[in-house]
Structure formats: C-alpha cells, structure tokens
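Colleague: structure of the sequence below:
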Amino acid sequence: MLPALLEKTWWARQPTTLARLLKPLSWLYGLVVRIRADLYRRGVFKRSHPGVAVVVVGNVVVGGAGKTPVVQAIVRCLQKAGYRPGIISRGYPVSPKAPRAVSARSTAADVGDEPMLHFALGVPVVVCADRVLAAIHLLADNPDVNVLVADDALQHYALMRDVEVEVISAERRYGNNLLLPAGPLREPRERVRNCELRIMPSWTTPSSGYKDGNHHVARRKLSDAYALVEPGRHTPLSTFAESRAAVVAGIANPRNFYDALRRAGVSGQLFPFRDHHAFQPGDFRNIGERPILMTEKDAPKCLPFADRRMWAVPLSVHLAPETKRKLLRLVRDACELYATHEPSRAAPAASAEREALLDDDPASPSPVSPATE
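Modeller: Down below sits the predicted model:
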C-alpha cells in the first residue's frame, strides 16, 4: 500500500499533500547526500581509479530509466569503433560483496538479471557491490580491456570516472522534482549538469532532431520475439496480434512494456510484478495456454522452468550519429590520458570511429541461453 502511494506521489506533475508532508525528511536526506559528496571531493572518503577510461552510466531518479539498453548501446558503439570494453555492475538484487565474473554457467540468481544481458554482448562482465573491486577483478582477468562501462554507478563515488552518462526516462523524467522520500530524486536535479552526456530513451524522435533540451534522444525499438525453450527460434510480433497474449513484466515500469507492445499491434493482458521480481512457476499457473510475452530482463529468471508458451521480446535503443560522435570523442580523450603509461590503452584508429558512426546500431543483444553444466 505505502510503496504504491509513494509511487503515485513521486510521479505526479505537481507535489501532492503527501509530498509536502514528507518535505522535511527530503531536506534531511538532501543534507546527508551533500555531506557525503563533499567528503568524497575532499578525499576524506577514499576514491580509486582503475587506470583505464571509465564511463559511468546512471541516473538521479529511483526506478527504471532505461539504463540497461543504453549501456548495451554504448558498448556496441565502442566495440564497433575498435575499443575493447568491459562492464562492471552491482548485480542487483544479488549485490555480492566479492567480485563475481559472469560466465555461460551463471544464472540470474548468482549475478542478477541485467548482467546476464550484458554478457550476451560478448564482453567481460563482473558484478560486485563495490565497483572498485569489480574493476580490479575484471582488469586482472582481462588485461586487454581499455574501457570500463559501469552500469548504475553514478552515485558510487568511490569509483573515479572519466565520463558520466545520465539516463532519464522520456515518460517520467524527474517526477515532482523532489528528493527522497517526497520525490524520486536520489540527488538534487542540478547534479546532472556535471554529466558530460545526457541520454533520454524514447519511442519517438523529437521535432527538433536528435535533442530534447539538454538530452540526446535514443530511439527505442522492439525486435522479433524468441522462444525461451528454443532461443534460436524467432517470430514477428505480429504473430501475437490476435492471441490475447499475457504480457509479463518484472521491471520498474511494466506499463511501458505493455504500451510498446500495443503500439506494435499486440493486444494482451498485463501481469505486472515488482522490479527484479524472482519469478517462480506459480506466477504463470493461472495464465492458461495463451502466449506469454516478457522482457529480456525477466527471461533469464524463467529459464529453469520455461515452457512453449514463453517468449522474450528484446528491447534495444539506437544512438543518433551526433550522440555517438560525442561519446567517442569523450572516450578517446580519456584513453589518451592512460596511453602514455600503457600503449595498449590507446584509442583505436580514426577510421574505426568513422565506421561506428555510419553504423545504425541495428543489433540487439543475443538471446540469453540457459546455463550449462
């Protein structure tokens, strides 16, 4: 009851009565946030840099803003430009205290759901609550990596960074613009001014082109669904147009996934679950024999009991050439700082960057395969 009421309060266009009542707690929270950030700036709290270019992706609001597909789009762009990226993540809700490398044997219960998707990109992925430890572990095992992409680490100040990327939802944006608990902000909104690149995933392109205010718009796209019991078998979303499919989503905003399928011509029934929900066979018992469409984030948790009804629908975002150009320039400048001491950290040739800019980023992550013994 309380979480639902807070959600409604946070995303209201104007502060509600409950938000105004909670404002004193927000002021106290804001004071703690500012003191913490200041202690890191002054060096009272230890900060470390792993010695390669670090790109941190995150947001200042709680809940889903589309960070996972943005991380994947950034990594694909870096790969296309000739970089050798690796990904570090908290691995929520697991958040192990010791670093864990994601492998073909990993499960969502071991490393979290989002790192499983990252691993499908063919790059090394390490999860740990301490991102500095994750970075050290990843680079020790993968010395050829020359760019680290840190997923959801904007507030993890112990990890020093070269490029900060803010991600904000086109639908929810900053909610009522208040700090927790009166609003959804983890940090004051002005914090994002320090981010070198600000990205807004959206289903539409703004009339102004690739920008919406200070944000670079990244186009979202749903791809063909694939069967969980046979990931190599794909089918167009139009296959489910008249099937009254069950739309299952354990993400921050399940309605977004449902609405996207409706725009793609799929009319179904939404079965929403909490973000990072640990799915069990009983969650699907009352759905019947109709098709079940789910996000790729939820799919790995359903693999142990998957049946022929279950299909995953990949979601990808596509960076505009102008966005890629800025990203690659920022990463190239960062790499130059470390190349003098370690030549292998140098940025790729300019021709590779040009090729990355020409690419329309059509690829989506490979389907998540079951863990093998």
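
Colleague: did I read that right, residue 31 in a helix?
Modeller: Yes. With DSSP: H, G, I helix; E, B strand; the rest coil as the criterion, residue 31 is assigned to a helix.

Colleague: for it, grab the count of nearby residues.
Modeller: Residues near residue 31, counting by other C-beta atoms under 10 Å, number 11. For every residue, glycine as well, the C-beta is placed using N, CA and C.

Colleague: if I read this right, residue 110 contacts residue 104, doesn't it?
Modeller: No. With contact defined as C-beta atoms under 8 Å, residue 110 does not reach residue 104; the gap is 11.9 Å.

Colleague: is it true that residue 176 touches residue 8?
Modeller: No. Counting by C-beta under 8 Å, residue 176 does not reach residue 8; the two are 10.5 Å apart.

Colleague: so what sits against both of residue 110 and residue 104?
Modeller: Residues touching both residue 110 and residue 104 (C-beta atoms under 8 Å, 6 or more residues apart in numbering): none.

Colleague: the more surrounded of those two?
Modeller: With neighbours defined as other C-beta under 10 Å, residue 110 and residue 104 compare such that residue 110 has more, 17 against 9.

Colleague: let me see the ranges of the strands in the stretch 201-350 of the chain.
Modeller: With strands called from DSSP state E, counting those that start in this stretch, the stretch 201-350 of the chain shows them at 211-212, 215-222, 225-227, 230-235, 245-249, 268-272, 292-295, 310-313, 315-318.

Colleague: contact partners for residue 27?
Modeller: residue 179.

Colleague: using the three-state scheme, assign residue 126.
Modeller: The three-state assignment at residue 126 reads strand, by three-state DSSP.

Colleague: where's it relative to residue 150, distance?
Modeller: Plainly put, residue 126 is 11 Å away from residue 150 if you go by C-beta to C-beta, to the nearest Å.

Colleague: now for the two: what residues contact both?
Modeller: 87-89, 135.

Colleague: ok, these vs residue 320, which is closest?
Modeller: Within the shared contacts of residue 126 and residue 150, the smallest distance to residue 320 is 22.4 Å, found for residue 87 (C-beta to C-beta).

Colleague: give me the number of residues near that closest one?
Modeller: Neighbours of residue 87 under the rule other C-beta under 10 Å: 30.

Colleague: name the element it belongs to?
Modeller: strand 85-89 (DSSP states H and E).

Colleague: what does that strand contact?
Modeller: So strand 85-89 is contacted by 71, 75, 78-79, 112, 114-115, 118, 121, 123-128, 131, 134-135, 138-139, 142, 145-153 (C-beta under 8 Å, 6+ apart).

Colleague: nearest residue to residue 19 other than its sequence neighbours?
Modeller: residue 182 (4.5 Å; C-beta to C-beta, 6 or more residues apart in numbering).

Colleague: three-state assignment of the one you found?
Modeller: With three-state DSSP as the basis, residue 182 sits in coil.

Colleague: run through the residues that contact it.
Modeller: With contacts defined as C-beta under 8 Å, 6+ apart, residue 182 is in contact with 9, 15, 18-23, 25-26, 176.
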